[in-house]
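Asker: with the sequence up front, the predicted model follows.
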Amino acid sequence: MNHQNLSSFIWSVADLLRGDYKQSDYGKVILPFTVLRRLDCVLEPTKAKVLAEYAAKKKAGLNPDPFLLRSSGQSFYNTSDMDLRKLMGDQDHISQNLYACVQGFSPAVRDIFERFSFSAQIDKLAKSGLLYLVTEKFTGIDLHPEAVDNHEMGLAFEELIRKFAELSNETAGEHFTPREVIRLMVNLLFVEDDDVLSKPGVVRTIYDPTAGTGGMLSVAGEHLAALNPQARLTMFGQELNDESYAICKADMLIKGQDVANIVAGNTLSEDGHAHAKFDYMLSNPPFGVEWKKVEKEVRKEHESQGFNGRFGPGLPRVSDGSLLFLLHLLSKMRPAQDGGSRFGIVLNGSPLFTGGAGSGESEIRRYLLENDLVEAIIGLPTDMFYNTGISTYVWIVSNRKPSLRKGKVQLIDASTFWQRMRKSLGSKRKEMSEAHIADVTTLFGSFAEAQLATVFDAEGKEIARQPLQEGGKPPVAPEGGKVKLAPLSRILSNEAFGYRTITVERPLRDARGKAILGSKGKAKSKPQADASLRDTENVPISENIDSYFRREVLPHAPDAWIDEERTKTGYEIPFTRVFYVFEPPRPLTEIDADLAQVTGLIKAMIEGLAA
């Protein structure tokens, strides 16, 4: 059963709930029942063995927990005599029996159902006379991993959450990231480490501070398992939303991960993995969401701990906290001498350039670039996410760059690497195919400048696209057609993004036009500055300030000078400007000919009306 059929079947339960539940509350019933049925199916083969072991150890006065985990063959168990099939045989007591069944799970699983507030839903369904019908519906579907693997189960969960989020007007994108975006990020994260990861028995850690339903962790695990079945990826995460956290935790349970590694709470104000370091990290923090709720805690850490805390480099404006998550990930990197780390994070466009020299955003970029931490930034197509159509970017950050990449940043414009979806999902209208993901991975892995060759036919219709590595031969255009080349991969030095903002002053003058001199302190006998004429200039770090000033300012304002005390260093990443290709306007003769043709048509129409 694929995830579409599975989610459609589970969604049919909504027909039972209609009338007694608001549409926006369907998920409060369907999601925990889906998890319950999944866990029920996983434990079914060892149920009798676990119950026998439980009875024997209780009789012997021993702690049964380690024995039950071994008997169940999972990282969880259930000591209740009940399962969903047995519940069907006692309709009159289904409420008590279902509650007892949930309470029979090991503590980590009980926490999942508490996050769903499942006991409240059992009571409500019982009062509505729906509890037996809903339980019966779920009992009729086989969710054992042999029937529905972890990958399909994860997709089904995501499909259900998206539907429920749309019904309740919530932001679906806060809960999960499109799978193809995750696959791209995982490819980029692992591509340089294929040799290491393919060794037998290798163990690595991966962390997601905005784990959602666990999609990023799951795809990373699947990727590594395909690369090396003997490798083990230990997963860690934190999630704020209770329902997403519950689903992530359930998924990790079934995968055999230690669910103590999945923590609930706000990552920014209460770090659930304080002092921990990880090999790999992935994150898709919420775009453009203010951090006012946690401002007090974040500012306190910034001011009291500085670089010993997570937010030493600076704080972004309160209206957008996405860069705080980037700083949080930086604090989780292993020291380079201990093997280092690499992480991928999805951000919108504003962290690239928002904030002038000296601002929190600029200081964060400065820290990243001056410490040579940014490997690459990849621009994705618009309309890729469920909750927004804006431009998004994947940042790959590492403190163990290969020697070839040291001192440099690779920018890849993958905004044209998409295909239209057959059916839009919220704001998501485009998707990246496996071929697109492979092309971007190749561009990143080869670490070379490249162009995109677009072929047009004689009528100007696009007929083909081809990435061209540096020195590659462009395709041949058909008769009457043409080939357009545009930059696709650029490699720039870290210094290329730096600049110094200088303050240019001009003298205050009296009514006769004479410069007014200062009379006190350091300003004595020096021209006073006219604040109304004050201006600033951004000088690239690679350029000498005095040379720039003599060339660009003095010819236009011979009386100007630089207030050196106000000079600030800033960094910005002008992604769009780097890939801009100037297209010259059409020749005037062509424009005149078009105008003459249109004018002639209008004149003929007027004459026709007059006649």
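Answerer: In hand now; what should we look at?

Asker: and Ile437, which of the three is it?
Answerer: The three-state label for Ile437, taken from DSSP: H, G, I helix; E, B strand; the rest coil, comes out as helix.

Asker: which ones are touching it?
Answerer: For Ile437, the contact set (CB atoms under 8 Å, 6 or more residues apart in numbering) comprises Glu180, Arg183, Leu184, Asn187. (Glycine included, C-beta is placed from N, CA and C.)

Asker: can you check the pLDDT for the residue nearest to Phe343 when sequence neighbours are not counted?
Answerer: Setting aside the residues directly before and after it, Phe343 is nearest to Met281 in space (CB to CB, 6 or more residues apart in numbering), at 3.5 Å. Met281 carries a pLDDT value of 97.

Asker: for Gly513, same thing?
Answerer: The confidence metric pLDDT takes the value 89 at Gly513.

Asker: ok, Asn169 next?
Answerer: At Asn169, the pLDDT value in this model is 50.

Asker: before we move on, what about the one 10 residues further on?
Answerer: Predicted confidence (pLDDT) for Arg179: 84.

Asker: buried ones in the strand ranked longest in the chain?
Answerer: Within the chain, and with DSSP state E defining each element, the longest strand by residue count is strand 482-493. By neighbour count with 16 or more other CB atoms under 10 Å, strand 482-493 contains the buried residues Lys484, Pro487, Leu488, Ser489, Arg490, Ile491.

Asker: partner strands of it, with direction?
Answerer: According to DSSP bridges, strand 482-493 forms sheet pairs with strand 408-413 (antiparallel), strand 450-456 (antiparallel).

Asker: ok so, going back, which strands or helices does the one helix or strand the residue nearest to Phe343 maps to pack on?
Answerer: For Met281, the host element (DSSP states H and E) is strand 280-283. Under the contact criterion of 3 or more CB pairs under 8 Å, 6 or more residues apart in numbering; DSSP states H and E, strand 280-283 touches helix 179-190, strand 203-208, helix 215-227, helix 322-331, strand 342-348.

Asker: what is the end-to-end distance of stretch 508-517?
Answerer: One end of stretch 508-517 sits 8 Å from the other (CA to CA, to the nearest Å).

Asker: hmm, who's touching the very next helix or strand once past the strand holding Met281?
Answerer: Going down the chain from strand 280-283, the next helix or strand is helix 295-305, by DSSP H and E. Defining contact as CB under 8 Å, 6+ apart, one finds that helix 295-305 is touched by Leu268, Ser269, Glu270, Trp291, Gly309, Arg310, Phe311, Gly312, Leu315, Val318, Leu324.

Asker: and the closest residue to the fifth one other than its chain neighbours, what's its pLDDT?
Answerer: Spatially, and ignoring its direct neighbours in sequence, Gly309 is nearest to Glu301 (4.4 Å; CB to CB, 6+ apart). We have a pLDDT of 96 for Glu301.

Asker: give me the distance between Ile573 and Lys461.
Answerer: Remark: distance between Ile573 and Lys461 (CB to CB, to the nearest Å) = 34 Å.

Asker: kindly report the same for Phe118.
Answerer: As judged by CB to CB, Phe118 and Lys461 stand 56 Å apart.

Asker: more crowded one of these two?
Answerer: Neighbours were tallied for Phe118 and for Lys461 using other CB atoms under 10 Å; the higher tally belongs to Phe118 (23 against 9).

Asker: so which helix or strand takes in the residue nearest to the more buried one when sequence neighbours are not counted?
Answerer: The spatially closest residue to Phe118, leaving aside those adjacent along the chain, is Pro32, at 4.6 Å (CB to CB, 6+ apart). Here Pro32, judged by DSSP H and E, is contained in helix 26-43.

Asker: show me the shaky parts of this protein.
Answerer: 1-3, 162, 165-176, 387 (pLDDT under 70).

Asker: mind checking the longest helix of it?
Answerer: For the chain, the helix reaching the highest residue count under DSSP state H is reported as helix 588-610.

Asker: which residues touch it?
Answerer: Residues external to helix 588-610 that are found in contact with it (CB under 8 Å, 6+ apart): none.

Asker: next: stretch 69-86.
Answerer: Taking contacts as CB under 8 Å, 6+ apart, the residues outside stretch 69-86 that touch it are 36-37, 39-40, 42-44, 46-47, 49-51, 53-54, 64, 68, 97-98, 100-101, 103-106, 108-109, 135, 138-139, 253-254, 256-259.

Asker: restrict that stretch to CA atoms and write it as CSV.
Answerer: Listed next in CSV are the C-alpha coordinates belonging to stretch 69-86 (Å, rounded to 0.1, in the frame of the first residue of the first chain):
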residue,chain,number,x,y,z
LEU,A,69,12.6,-4.9,25.7
ARG,A,70,14.6,-8.0,24.7
SER,A,71,11.4,-10.1,24.4
SER,A,72,9.6,-7.5,22.2
GLY,A,73,12.6,-7.1,19.9
GLN,A,74,11.9,-3.3,19.9
SER,A,75,12.9,-0.3,22.0
PHE,A,76,9.4,-0.3,23.5
TYR,A,77,6.8,-2.8,24.7
ASN,A,78,3.2,-3.2,26.0
THR,A,79,2.2,-5.1,29.1
SER,A,80,-1.6,-4.8,28.6
ASP,A,81,-3.6,-8.0,27.8
MET,A,82,-5.4,-5.8,25.3
ASP,A,83,-4.7,-5.0,21.7
LEU,A,84,-7.0,-3.4,19.1
ARG,A,85,-8.4,-6.7,17.9
LYS,A,86,-9.3,-7.8,21.4
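
Asker: sorry, back to before: what helices and strands are in contact with the helix or strand just after the longest strand of the chain?
Answerer: Later in the chain than strand 482-493, the nearest helix or strand by DSSP H and E is strand 498-505. Using 3+ CB pairs under 8 Å, 6+ apart as the contact criterion, the elements in contact with strand 498-505 are strand 535-540, helix 545-552, strand 561-562, strand 568-571.

Asker: please repeat the previous calculation with a cut-off of 7 Å.
Answerer: Counting contacts by 3 or more CB pairs under 7 Å, 6 or more residues apart in numbering; DSSP states H and E, strand 498-505 is packed against strand 535-540, strand 561-562, strand 568-571.

Asker: of those, which is nearest Ile377?
Answerer: Using CB to CB as the criterion, the shortest distance between Ile377 and these is 13.0 Å, found for strand 568-571.

Asker: elements contacting the closest one?
Answerer: Other helices and strands packing on strand 568-571, by 3+ CB pairs under 7 Å, 6+ apart, are helix 360-370, strand 498-505.

Asker: single out the most deeply packed of the ones you listed.
Answerer: Per-residue neighbour counts averaged over each of these give the maximum for helix 360-370, namely a mean of 21 (mean count of other CB atoms under 10 Å).

Asker: report the angle between the helix or strand following that one and helix 179-190.
Answerer: The first helix or strand that comes after helix 360-370 along the chain, using DSSP H and E, is strand 374-379. Inter-element angle recorded for strand 374-379 and helix 179-190: 160 degrees (by axes from the mean of the first three to the mean of the last three CA atoms, to 10 degrees).

Asker: got a list of contacts for the helix or strand just after strand 374-379?
Answerer: The element immediately downstream of strand 374-379 (helix or strand, assigned by DSSP H and E) is strand 392-398. Residues from elsewhere that reach strand 392-398, judged by CB atoms under 7 Å, 6 or more residues apart in numbering: 184-185, 188, 340-349, 352, 368, 373-380, 384-385.

Asker: swap in stretch 567-577?
Answerer: By CB under 7 Å, 6+ apart, the surrounding residues in contact with stretch 567-577 are 352-353, 356-358, 362, 365-366, 369, 377, 379, 411, 497-502.

Asker: I'm done for today, thanks for sticking with me.
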